[in-house]
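*Asks:* no sequence for this one, just the structure:
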């Protein structure tokens, strides 16, 4: 039987099939728009204090003015960006996602939401960070500004310094027209920051003085793009990978729902028409996208919120010479904490401060070598670790090329080189308090304390009521809930930081 391909019947069938294919292709394009593109691109993150001009910078990078701004701006110092806003941007043929974040200090957002908004930032950075635009207003560099800068670096890790570009806003006409005037007026701390980020900085000309086509605006925007292009690699952390894994796992779990949405679209198109079917399909895809976002944000917030602790497999030494994991240590046992005059000193564990057996936690894995021994120590970024000069520092402030630790060889603590620092995700965490306030963990001397400013003697003094109580009675609790006294101290500390910021 010969088929006449030019017959009206055959042509009608072909046209109908083509139309169905186009409809399905359109549906899949809608699905892809909701589920894929922005999460497969590296991010350019804009961070800074509330009301400093982050959104203005974002609109400038996008080439948008006040009349068609993508990121909302305000003339007041109040925060407009309460949630992460993002837009695709192309810089010299390379595609990125430009991410405008809520202020790191935001009086309008309760502290209970802090981890949620940090989780939202991390969620959008799952495929890595190309550049971090750290925005600060020109003028007096207050303690509040310093807290913002250090919070950003602590949050991202010291490796992010290779990706940070400092952006000055609210500059005077004179500073904009002659940047040397701005540089001459910077404080010592600000100049040190510029050195730490390899002198990558620009000025955002005040749009009240300079329009988008002014030489000053064009010059600084060109300089910004040059700085971004000069950053060779994409910055990633294990927390980003963990969030990406969570997103992809959730997407797999939603495959049945996605396929059902395609089937519903095909049926509704025949009954209700293309426009209504497409609208409903978009609503379903938006719901699935929201579920993926929530999964990523929850995982990110969980990891970012991890208490200052050690990994469960951290090894310590008992007074009888036995080595065991910190997870096996019991209250009342004495563990190696220090050396003095060639003698090993042990201190009693009087409290399990934090403990969780299964929660995914981000650790810094510090590889070290003292010429005799090599090892690795896993601890959370804000835990305090002892330096070779005797001071204590946050773990995320140390640097392989600039910092030395103290490790034990026989009966002495000796300066120890840091070989490398990596971000890893491990399950569970633990932190114990000893009467000395220190601990030799995996051969490295560390503090028992974390999160607050690393002034060991002051923290130790503040915790003296707990130690005194432990002499007459056992402190109850397994570390899974914060001790009431520690809650009070945390509330007072957080309040003090807010007073400084305000």
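*Replies:* Cool, got the structure. This is a predicted model, so every value here is computed, not measured.

*Asks:* Give me the phi and psi for the nearest residue to residue 172 once chain neighbours are set aside.
*Replies:* Distance criterion Cβ to Cβ, 6 or more residues apart in numbering; nearest residue to residue 172, sequence neighbours excluded, is residue 138 at 7.4 Å. For glycine as for every other residue, the C-beta is placed from the backbone atoms N, C-alpha and C. Note on residue 138: backbone dihedrals following degrees, to the nearest 10 are phi -70, psi 150.

*Asks:* same check, this time on residue 220
*Replies:* Recorded main-chain torsions at residue 220 are phi -70, psi -40, according to degrees, to the nearest 10.

*Asks:* residues contacting it?
*Replies:* Applying Cβ atoms under 8 Å, 6 or more residues apart in numbering to residue 220 gives the contacts 202-205.

*Asks:* buried ones in the helix or strand hosting residue 336?
*Replies:* Using DSSP states H and E, residue 336 falls within strand 334-340. Buried positions in strand 334-340, judged by neighbour count with 16 or more other Cβ atoms under 10 Å: 334-339.

*Asks:* and that strand, how far out from the chain's middle?
*Replies:* Its chain's C-alpha centre and that of strand 334-340 lie 34 Å apart, by Cα atoms, centre = their mean, to the nearest Å.

*Asks:* Ok, stretch 55-74 next?
*Replies:* Its chain's C-alpha centre and that of stretch 55-74 lie 24 Å apart, by Cα atoms, centre = their mean.

*Asks:* what sits up against it?
*Replies:* By Cβ under 8 Å, 6+ apart, the residues outside stretch 55-74 that reach it are 44, 46, 51, 53-54, 80-81, 85, 87, 89, 98, 100, 133, 135, 167, 169, 204, 207, 211-212, 217, 221, 224.

*Asks:* quick one: the helices in the chain?
*Replies:* Ranges of helices in the chain, per DSSP state H, are 8-35, 54-61, 114-124, 143-156, 173-177, 179-184, 188-196, 215-230, 238-253, 255-272, 274-304, 456-462, 464-472, 484-501.

*Asks:* can you tell me which of these the model trusts least?
*Replies:* Among these, helix 8-35 has the lowest mean pLDDT, at a mean of 50.

*Asks:* and the gap between the closest residue to residue 146 other than its chain neighbours and residue 387?
*Replies:* When the adjacent residues along the chain are set aside, residue 146 lies closest to residue 189, with 6.3 Å between them (Cβ to Cβ, 6+ apart). Residue 189 is 20 Å from residue 387, where distance means Cβ to Cβ, to the nearest Å.

*Asks:* Which one of the two is surrounded by more residues?
*Replies:* Between residue 189 and residue 387, residue 387 has the larger neighbour count (other Cβ atoms under 10 Å), namely 18 against 12.

*Asks:* how far away is the closest residue to the more buried one other than its chain neighbours from residue 381?
*Replies:* Nearest residue to residue 387 in three dimensions, chain neighbours excluded: residue 393, at 5.6 Å (Cβ to Cβ, 6+ apart). As defined by Cβ to Cβ, residue 393 lies at a distance of 11 Å from residue 381.

*Asks:* Who has more neighbours out of those two?
*Replies:* Shown here are residue 393 and residue 381; by other Cβ under 10 Å, residue 381 has more neighbours (23 against 16).

*Asks:* Please give the number of neighbouring residues around the closest residue to the more buried one other than its chain neighbours.
*Replies:* Take residue 381 and drop its neighbours on the chain: the residue closest to it by Cβ to Cβ, 6+ apart is residue 396, 3.8 Å away. Using other Cβ under 10 Å, residue 396 has 22 neighbouring residues.

*Asks:* and what of residue 184?
*Replies:* For residue 184, using other Cβ under 10 Å, the count is 9.

*Asks:* Please apply the same query to residue 173.
*Replies:* Neighbourhood size, residue 173 [other Cβ under 10 Å]: 13.

*Asks:* and if you look at residue 430?
*Replies:* Neighbours of residue 430 using other Cβ under 10 Å come to 23.

*Asks:* so what strands line up beside the strand ranked longest in the chain?
*Replies:* Criterion DSSP state E: the longest strand present in the chain is strand 343-369. Strand 343-369 has the following sheet partners, assigned by DSSP bridges: strand 334-340 (antiparallel), strand 374-379 (antiparallel), strand 412-434 (antiparallel).

*Asks:* For the second one, what is the distance to the chain centroid?
*Replies:* Going by Cα atoms, centre = their mean, the spacing between the C-alpha centre of strand 374-379 and its chain's C-alpha centre is 22 Å.

*Asks:* buried stuff in it?
*Replies:* 375-379.

*Asks:* For residue 486, give me its contacts.
*Replies:* Neighbouring residues of residue 486 by Cβ under 8 Å, 6+ apart: residue 353.

*Asks:* That one and residue 493, how far apart?
*Replies:* 10 Å.

*Asks:* I'm done for today, thanks for sticking with me.
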